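>>> The following block contains a protein sequence and its predicted model.
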Amino acid sequence: MPFFSYSGIKIEGIAAAVPTERVSVDNFRAQYGEEAVDKFTAMTGIKEFRRTKEHQTASDLGCVAAEKIFHEKNIDRNSIGALVFVAHSTDYRRPATACVLHKRLGLSKDCAAFDIGLGCSAVAYGIQTICSMMSNSDIQRGLLIVGETLTKMVNPNDRSVNMLFGDGGAAILFEKTDKDAHINVLLKSDGNGYKAIIAPAGGFRNLNASHDDMVWPDGNTRSLYNTYMNGTDVFSFTITDVPKSVKEFFEKTQTSPDDYDCFAFHQANQYIHKQLSKKLKTPMDKMPLCLDRYGNTSAPAPALALCDAYGEKDEGIIKTLFCCFGVGLSWGVASAEIDSKDIFPVIETDEVFEEGIINEPF
């Protein structure tokens, strides 16, 4: 299995940001019916989610989160040697959104910046990438930014996901240290499930597909540019492959659920969390849930859950197990010790990079 272990690198700060607009699932009662909405909330636990403005992007949210860390930790921007942006919700088809963030954050030319195209597994893969770069170079600090604006790709008539997804972004700062610090990561993937969560059109495989709405075999209406999710396949994967991988991680690291203070898992839905808690024997009170207020935000979900749970608390060192899983299919497990004072409260923002809205030649 792809297992990685790093020493001398710590998480120096975590921040998360969400849009200010709240969308209550109650808004969908007239459209879907009282029973359908009540059933959805009982199953998922979602009561509301956040939605970005027209020109607000995942990078806007991630940028605000990164600025929060820089300000609170008084970080010298010239000390950032790597910037990695992990998301499907990029600003443009080209250039890399990381380059746009590099400009906005005022980082130096001595900084590697690039994108990784992943969604739900973003935090685990991002941690591995940043730590690998730092452990094999003279980079002293690395910045991971993740985010998604899933509400922009949902068909308003698709009841399977219309109340499920929310928008969010997060930033995680890594720093080399002489103190005892360890970060472990296990990564997995199964490309056979690439159709389980997909937006079929808009990429270069199907660049000029029809934008017409159509009724899909699951009875929902969507276009080829909207997100489709096969809930049955995703659920089956989540309650089989994911807990198996977490147990492999426990075995590889010679740890158990008792060794962790917090299980920062992807915020899929409440029922899935309960199933994972049961299979892994991890108490629910150690698995912070924030999807009731933010929905399923994909990439930033584990970081958002941490900020929501610990952002205003002083609880010392939090032994954290990250578990990220979904679109790809792609998933990963990571562990780190994080000082609670370095976990900041969730930020609400409507910030938009106005310069980046390009509607005419320049």
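Arrived safely.

>>> May I see the buried residues of the helix or strand residue 277 falls within?
Per DSSP states H and E: residue 277 is located in helix 270-280. Of the residues in helix 270-280, 270, 272, 273, 275, 276, 277, 280 count as buried by neighbour count, 16 or more other CB atoms under 10 Å. All C-beta spots, glycine's among them, are computed from the backbone N, C-alpha and C.

>>> And the fifth one, what's its pLDDT?
The one in question is residue 276. Reading off the confidence values, residue 276 has pLDDT 95.

>>> My guess is it contacts residue 265. True?
Yes. Using CB atoms under 8 Å, residue 276 is in contact with residue 265, at 6.6 Å.

>>> Give me the common contacts of these two.
287, 323 (CB atoms under 8 Å, 6 or more residues apart in numbering).

>>> who does the helix or strand containing residue 49 touch, helix- and strand-wise?
Assigned by DSSP H and E, residue 49 falls within strand 48-51. Under the contact criterion of 3 or more CB pairs under 8 Å, 6 or more residues apart in numbering; DSSP states H and E, strand 48-51 touches strand 9-19, strand 21-24, strand 167-176, helix 291-294.

>>> Residue 331 belongs to a strand?
Yes. Counting by DSSP: H, G, I helix; E, B strand; the rest coil, residue 331 falls inside a strand.

>>> Name the nearest residue to it, ignoring sequence neighbours.
Excluding the flanking residues, the one nearest residue 331 by CB to CB, 6 or more residues apart in numbering is residue 325, at 3.6 Å.

>>> Got the phi and psi for the one you found?
phi -160, psi 150 (degrees, to the nearest 10).

>>> ditto for residue 221
According to degrees, to the nearest 10, residue 221 has phi -100, psi 130.

>>> returning to what we had before: the strand holding residue 49 pairs with which strands?
As defined by DSSP bridges, the strand partners of strand 48-51 come to strand 21-24 (antiparallel).

>>> ok, and what's touching the partner strand?
The contact list for strand 21-24 (CB under 8 Å, 6+ apart) reads 47, 48, 49, 50, 51, 52, 53, 151, 166.

>>> Please work out the average pLDDT along that strand.
The average pLDDT for strand 21-24 rounds to 98.

>>> got it, and stretch 207-215?
95.

>>> end to end, how far does it reach?
Using CA to CA, to the nearest Å, one end of stretch 207-215 lies 21 Å from the other.

>>> Can you name the residues in contact with it?
If you take CB under 8 Å, 6+ apart as the criterion, stretch 207-215 is touched by 155, 157, 200, 201, 202, 221, 222, 223, 224, 225.

>>> Am I right that the fourth one falls within a strand?
No. Membership of residue 201 in a strand is not supported by three-state DSSP, which gives coil.

>>> which residues does it contact?
Contacts of residue 201 (CB under 8 Å, 6+ apart): 207, 209, 223, 224, 225.

>>> One more: the first one?
Neighbouring residues of residue 155 by CB under 8 Å, 6+ apart: 162, 213, 220, 221, 222, 223, 226.

>>> let's go with 7 Å and repeat that
213, 221, 222, 223, 226 (CB atoms under 7 Å, 6 or more residues apart in numbering).

>>> I'd like the next helix or strand past the longest helix along the chain.
Using DSSP state H, we find that the single longest helix of the chain is helix 231-253. Counting by DSSP H and E, the next helix or strand C-terminal to helix 231-253 is strand 262-265.

>>> Could you list every helix and strand in contact with the helix holding residue 277?
Contact here means 3 or more CB pairs under 7 Å, 6 or more residues apart in numbering; DSSP states H and E; on that basis helix 270-280 packs against helix 34-44, helix 231-253.

>>> now stretch 304-315: how far from the chain's centre is it?
16 Å (CA atoms, centre = their mean, to the nearest Å).
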